[in-house]
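Undergrad: Here is my input, please return the structure:
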Amino acid sequence: MPAHTTHDAARDEAVAPLLRGIAVLGRLTGADGGTLSLSALERTTGLARSTVDRLTATLARMGYVRLDGRDVVLAPRLMELGNAYLAALRLPALLSARADGLADELDESVSLAVGDRDGIRFIHQATRRRAMSLSFRIGDLLPAERTAPGPLFAAEWTASDWHRWRERRAADPGDHSFPAVPPREPGAPGEDFARRAAKAAADGWALDDQLIEPGLVAVSVPVRDPGTGRVACVASVVSHTSRHTAPDLRAALLPRLRAAVAAMEDDLRAAPAPEPGPPPAGLALWTGASKQELGREFVESLARGLTVLTAFGEGRSALTLTQVAQATGLARATARRALLTHARAGLVAPAAGHTFTLTPRVLSLGFPPLSRTSLPEIAQPHLTALAERVHESASLAVLADSGEEIQYTARASAARVLSARVTVGTRLPARATALGRVLLALPEVRARGYALVDEELEAGLRAIAVPVRDRTGRVVAALNVALHAARRTADDCVAQILPELRHTADLVETELRVAGRFCRVAVV
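TA: Numbers count the residues shown, from 1 in each chain. Below you'll find the predicted structure:
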């Protein structure tokens, strides 16, 4: 389908509830902490409150947001949309290890970015932990002209690309549409971006000398697709002027960056064709069942429209309409309207052979704020729900560096006069606690899949714990319920508490697998 035909059809056949749902996710993505009240969503989207209520109820049913009183909070499950784009792109999976290695070698931050219309968007970050460190996140969008990668992408722009860039500069001279960067200072001298793009094309590298903000410097080199020779992504080394001036960055680190990029291009050249993973299953049935259960509060066209994005992935980077319909179980007409709506929103683009591909803009659906989600943040709402169900305190803990103690990282207390009261950050001997025995993987615990400690740490205190595993199957944390021995026997804990604990661990592990696919999830 030609691009202009797709554009016209997208305008005429767009699914309004899907566009509204995308707008809600966009507002939440730009909000502090990925959280807005229902009234704030009503105000910022211009939608009726009843519409906002139905959209957020649907997104909550999908696990994409969490309703916390009158607030709506982005949930880690939403990252599956950005994961679909990153998996289809393949570049993070193939190149991130090289970027991480270079960051370790240079002791500087290294990023990978792709072009997104007249901006750049990060697809991988290997940052250094310092007092002065980068705050950019995977998925953040930056104006091309204020970055080192930007000129390298602009070197391949068409006349229409340059026209769009000039229109955007004229409409938004302060860069207020790019919340990831400080606004452009009034009266700041404008640089000749076209000249920088031409120079970058000739040199094969580009420099950012404090264009984003004072003190920030970067040098970038393009990673070229071995098949087409075009820029696949751009690798950058980013530093601070307290460590390197821009000329020093170029002189000292550019050779090593070029060597790393050459190795990245070798990796792309040698990479085998991807084996398509299994597409999502049962989505059409699930949305239909949800509609039956929730009635008009469930916006089926929004849920089905968003599931279309998950049809893409590794080995499924370009799909025909028929393939999308088959992968999702949706009717062909439903899948077509969803694809055209996504094309209007800039999330999908037509490609060769009557296929569609995801665009980097899919990362704008919640990925930046969620990309730095920690395990305690993932676990906290599930711990709270667990404590409310069993009416006992619940905790998350990890093994401390010494290997001899556990450290509590999240807690949910029960509303009881007599309950286990341990604050986050508390350390206890690992071998004396159910949490510690799970984390130490003692043989008996491995065989049973849980640990029960009966009044060993303290008289009257009984606790049962289960492991939490990451996407590789490694135990990274443990969940427990602690209670007074008078309230439940040890057998009661196994019969009544253990199933609830395991269910909670399953929920945490599901979100951890999604969040950890392309991002590092801190365990503390």
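Undergrad: Low-confidence ranges, the protein, go.
TA: 1-13, 130-134, 187-191, 415-421, 457, 459 (pLDDT under 70).
Undergrad: Walk me through the domains of it.
TA: Taking automatic domain parsing as the reference, the chain has its domains at 3-83+276-370, 95-270, 375-515.
Undergrad: where along the stretch 301-450 of the chain do the helices fall?
TA: Along the stretch 301-450 of the chain, counting by DSSP state H, counting those that start in this stretch, helices occupy 321-328, 332-345, 367-370, 375-390, 434-439, 443-448.
Undergrad: wait, what's in contact with residue 302?
TA: 17-18, 20-21, 55, 58-59 (Cβ atoms under 8 Å, 6 or more residues apart in numbering). Where C-beta positions appear, they are placed from N, C-alpha and C, glycine not excepted.
Undergrad: which element is residue 142 on?
TA: If you go by DSSP states H and E, residue 142 is part of strand 141-143.
Undergrad: Residue 234 - that's part of a strand, no?
TA: Yes - assigned with DSSP: H, G, I helix; E, B strand; the rest coil, residue 234 falls within a strand.
Undergrad: just to revisit the earlier point, same list (the domains of the chain) but as CSV, adding distance to residue 522.
TA: Output for the domains of the chain, formatted as CSV (distance: least, Cβ to Cβ, whole Å):
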stretch, distance to residue 522
domain 3-83+276-370, 13
domain 95-270, 11
domain 375-515, 7
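Undergrad: Minimum distance to residue 524: which of the ones you listed has it?
TA: Closest approach to residue 524 among the domains of the chain (Cβ to Cβ): domain 375-515, 5.2 Å.
Undergrad: how far is the closest one from where the chain is centred?
TA: Counting by Cα atoms, centre = their mean, to the nearest Å, domain 375-515 is centred 26 Å from the centre of its parent chain.
Undergrad: Which one of the contacts of residue 302 is nearest to residue 226?
TA: Closest approach between the contacts of residue 302 and residue 226, by Cβ to Cβ: residue 18, at 36.8 Å.
Undergrad: Quick check: next helix or strand after the helix or strand that contains the closest one?
TA: Here residue 18 is covered by helix 16-30, with elements defined by DSSP H and E. Next helix or strand after helix 16-30 toward the C-terminus (DSSP H and E): strand 35-37.
Undergrad: Identify the residues contacting that following strand?
TA: Outside strand 35-37, the residues within contact range by Cβ under 8 Å, 6+ apart are 27-28, 44, 68, 70-74.
Undergrad: Out of those, list just those in strands.
TA: 68, 71-74 (DSSP state E).
Undergrad: hmm, back to that, neighbour count and distance to residue 378 added to the contacts of residue 302, as JSON lines?
TA: Listed next are those as JSON lines, based on neighbours: other Cβ atoms under 10 Å; distance: Cβ to Cβ, whole Å:
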{"residue": "17", "neighbour count": "19", "distance to residue 378": "29"}
{"residue": "18", "neighbour count": "25", "distance to residue 378": "27"}
{"residue": "20", "neighbour count": "20", "distance to residue 378": "28"}
{"residue": "21", "neighbour count": "27", "distance to residue 378": "23"}
{"residue": "55", "neighbour count": "25", "distance to residue 378": "24"}
{"residue": "58", "neighbour count": "26", "distance to residue 378": "22"}
{"residue": "59", "neighbour count": "27", "distance to residue 378": "18"}
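Undergrad: mind checking how far residue 410 is from residue 425?
TA: The gap separating residue 410 from residue 425 is 11 Å, by Cβ to Cβ, to the nearest Å.
Undergrad: more crowded one of those two?
TA: Taking neighbours as other Cβ atoms under 10 Å, residue 410 and residue 425 compare with residue 410 leading, 25 against 10.
Undergrad: Out of the helices of the stretch 301-450 of the chain, which one sits most buried?
TA: helix 434-439 (a mean of 27; mean count of other Cβ atoms under 10 Å).
Undergrad: packing partners for it?
TA: Here helix 434-439 touches strand 393-399, strand 405-412, strand 451-454, strand 461-469, strand 475-484, going by 3 or more Cβ pairs under 8 Å, 6 or more residues apart in numbering; DSSP states H and E.
Undergrad: Export only the CA atoms of that helix, formatted as PDB.
TA: Extracted in PDB, the C-alpha atoms of helix 434-439 (Å, rounded to 0.1, in the frame of the first residue of the first chain):
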ATOM      1  CA  ALA A 434      12.600 -17.800  55.700                       C
ATOM      2  CA  LEU A 435      13.600 -15.100  53.200                       C
ATOM      3  CA  GLY A 436      17.200 -15.800  53.700                       C
ATOM      4  CA  ARG A 437      16.800 -19.600  53.400                       C
ATOM      5  CA  VAL A 438      15.100 -19.100  50.000                       C
ATOM      6  CA  LEU A 439      17.900 -16.800  48.800                       C
END
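Undergrad: Perfect, that will be all.
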